[in-house]
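# Take a look and give me a structure for this.
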Amino acid sequence: SSGEDITEKIRYRDQLKIERDQSQNYLDVAGVMILVLDSDGNVKLMNKKGCQILEVEEKDIVGKNWFDCFVPKDQVPAVKILFADVFKEETKIQEQYESEVITTTGKTKMITWNNVVLYDSENKAIGVLSSGEDLSEKKRYEEELRQSNKRFETLFEKAPIGYQSLDIEGCFREVNHTWLEMLGYQKEEVIGKWFGDFLAPDYQEHFKKRFEKFKQKGKIHSEFEMIHKDGHKLFVAFNGLIGYDDNNEFQQTFCNLNDITSEREMQNQLFLSENNLKLAQRIAKIGSWEIDITDGSMWASEEAFKIYDLDRTDGNVDVDLVQQMVNHEDRKKLDIALDELINMQIPYNVTFKILTRSNDIKYLNSRASLFMDEHDKPEKVVGVIHDITELKIKEIELEYLSQRDHLTNLYNRRYYFKRFKELDNSKYYPIGVMMLDMNGLKIINDAYGHSFGDLALQKFSNLLFETFENKDIVSRFGGDEFTVLISN
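Have a look, this model is predicted:
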């Protein structure tokens, strides 16, 4: 028998296996597909990433014909011819290209390939080594980015407000169509120019200062007077933010702008209207007031301060001082009305009495409305205050006269019936009712005349008034008849 020492061979074999496994590990951690085809187009090697892309296990792909299994059927004949020509050395292999592959689940994916031909020791082509990167996600992201850019460009150009971007020197980088229409320029007349060149002269120095603050703070709101290309002026409001690069350095500004010329004109008209309103309030003795619900502060107009006989400084009202002036019985009525307006939206319409610092009694009527914020929560109450003192005094006089007998000054028949109905309730029982008449009135009238009869009625009325208490209702019922209601 003979023997051969194969220890060295086994060691080389094991070492070769280790190196092969290491090579496979290197291939498996690669972020691209690694594919080796033999000269017949059969798969000799596929790394882990390739299996993931094709949705297949390695054991199910090695040995399969690449073209028959993973190339779109309409492309197979042409691709096989090109592949065969590489090994006949009739065609040079295309080192880089993009093509579609079909996964085992039927999905189509776009792959970008890098290819090299493999040769044996005799320099004969024996296969192809390819690396492939799945472009499907990249293509999808690129398409989404393209669509996003398209939407942004459309929004940017067709936005109903002007947009501009300035560089660190305050020169234009970009403007949109609305900006150009607003000021009448062509884009080439604007890009690269200094923003101040488009401002009214009085605003150019102001812009320099504001632009430095803008760069420091990172955001700003400003209003400038700009010059249209045809020479007319317009007021424009700006809201801006600073854009920064990856190093947090200034890159550009992002600003939108609105033409507020008409608003400024309205403000001027409003100023005139406010002066006219003050005059009208003074004539009509009507003031206006506001309460900020969020902090409880109160503002009032100039005429409102005059009505309350208070000194006006900045328009803010000392609420405690005003409440002290209100008649004690009316304070609760005012609080309830305000609470019902805020919490139940019940209209606010209150008449009350005040005593001013000059000890003048005034009657006031106040009406108000509730305003909500953007979250539909109560924000402020806006109202008017009307000095109705003269009207109230006349009203009291008329009410007094309507309840009294003009001769005796006692209550009249109508008031008697009104009070009788009010007191005809068990909570007022028992009620005393007296019916009286004065004897001999006709004889006095006939003998001495009606003036003496009237005097007799007045003396009898005074006697009744002095006899009964203030709470009792003493009335002249008519002629020589009188009534007294005595309630419990």
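
# pretty sure Leu364 contacts Ile385?
Yes: the pair Leu364 / Ile385 is scored as a contact, 5.7 Å apart, by CB atoms under 8 Å. Heads up, the C-betas are built off the backbone N, CA and C, glycines and all.

# And for Ser297, nearest residue in space, chain neighbours not counted?
Setting aside the residues directly before and after it, Ser297 is nearest to Asn316 in space (CB to CB, 6 or more residues apart in numbering), at 6.4 Å.

# let me redo that: Thr105
Using CB to CB, 6+ apart, the nearest residue to Thr105 is Glu55, at 5.2 Å.

# measure the one you found to Glu98 for me?
According to CB to CB, to the nearest Å, Glu55 and Glu98 sit 20 Å apart.

# Same question for Ile291.
For Ile291, the distance to Glu98 - CB to CB - is 71 Å.

# between those two, which one's more packed in?
Higher neighbour count among Ile291 and Glu98: Ile291, with 21 against 12, using other CB atoms under 10 Å.

# Just say helix, strand or coil for the more buried one.
strand (DSSP: H, G, I helix; E, B strand; the rest coil).

# before we move on, back to that, show the contacting residues for the residue nearest to Thr105.
With contact set as CB atoms under 8 Å, 6 or more residues apart in numbering, Glu55 has these partners: 103-105, 107.

# Show the pLDDT at it.
Predicted confidence (pLDDT) for Glu55: 91.

# One more: Val236?
Looking at Val236, the pLDDT reads 91.

# dump the residue contacts of it.
162, 182, 223-226, 257-261.

# Same question for Thr351.
Thr351 touches 363-366, 388, 392, counting by CB under 8 Å, 6+ apart.

# which of the residues you listed lies closest to Asp437?
Lys392 (37.7 Å; CB to CB).

# So what's the residue count around the residue nearest to Leu341 when sequence neighbours are not counted?
Distances taken as CB to CB, 6+ apart put Tyr348 closest to Leu341, at 4.2 Å, once the chain neighbours are dropped. Around Tyr348 there are 18 other residues, counting by other CB under 10 Å.

# please renumber so the chain begins at 39
With the count now opening at 39, the last piece we talked about shows up as Tyr386.

# Got phi/psi on Tyr386?
Backbone torsions of Tyr386, given as degrees, to the nearest 10, read phi -100, psi 110.

# can you give me the end-to-end distance of stretch 456-473?
For stretch 456-473, the first-to-last residue distance is 16 Å (CA to CA, to the nearest Å).

# buried ones in that stretch?
For stretch 456-473, burial by neighbour count (16 or more other CB atoms under 10 Å) applies to 457, 461.

# Stretch 325-339 now?
Those would be 325-329, 331, 336-339, for stretch 325-339 by 16+ other CB under 10 Å.

# quick one on the thing from earlier: top of the contacts of Thr389 by neighbour count?
Neighbour-wise, the contacts of Thr389 (other CB under 10 Å) top out at Leu402, 23 neighbours.

# In three-state terms, label that one for me.
strand.

# For it, give its distance to Glu93.
From Leu402 to Glu93 the distance is 84 Å (CB to CB).

# hang on, isn't Leu445 packed against Gln496?
Yes: in this structure, Leu445 is within contact of Gln496 by CB under 8 Å, at 6.8 Å.

# what's the residue nearest to Thr143 sitting at in phi/psi?
phi 60, psi 50.

# how many other residues sit next to Ala406?
Ala406: 23 neighbours (other CB under 10 Å).

# ok, it - contacts?
Contacts of Ala406 by CB under 8 Å, 6+ apart are 327, 376, 379, 386, 419-422.

# for Met382, same thing?
Contacts of Met382 by CB under 8 Å, 6+ apart: none found.

# measure it to Lys247 for me?
Counting by CB to CB, the gap from Met382 to Lys247 is 51 Å.

# quick one, helices of the stretch 39-188 of the chain?
For the stretch 39-188 of the chain, the helices defined by DSSP state H, counting those that start in this stretch cover 45-66, 86-92, 104-108, 114-125, 174-196.

# what lines up beside the helix or strand that the last one is followed by in the sheet?
In this case it means helix 174-196. Proceeding N to C from helix 174-196, the next assigned helix or strand is strand 200-204, under DSSP states H and E. Strand 200-204 has the following sheet partners, assigned by DSSP bridges: strand 210-213 (antiparallel), strand 288-297 (antiparallel).

# To Asp158, which of these lies closest?
Comparing the strands paired with strand 200-204 by CB to CB, strand 288-297 comes nearest, at 57.3 Å.

# How far off centre is that closest one?
21 Å (CA atoms, centre = their mean, to the nearest Å).

# ok, residues contacting that strand?
With CB under 8 Å, 6+ apart, strand 288-297 has contacts from 197, 199-206, 211, 217, 220, 252-253, 272-283.

# What subset of those is buried?
Buried among the contacts of strand 288-297 (16+ other CB under 10 Å): 200-204, 217, 220, 252, 272-274, 276, 278, 280.

# Tell me the one of these nearest Gln362?
Phe273 (45.7 Å).

# closest to Leu167 among the contacts of Thr389?
For these, the nearest to Leu167 is Ser404 (92.3 Å; CB to CB).

# you'd agree that closest one is up against Ile426?
No: applying CB under 8 Å, one finds Ser404 not in contact with Ile426, separated by 10.2 Å.

# low-confidence ranges in the stretch 39-188 of the chain?
39-68, 128-129, 187 (pLDDT under 70).
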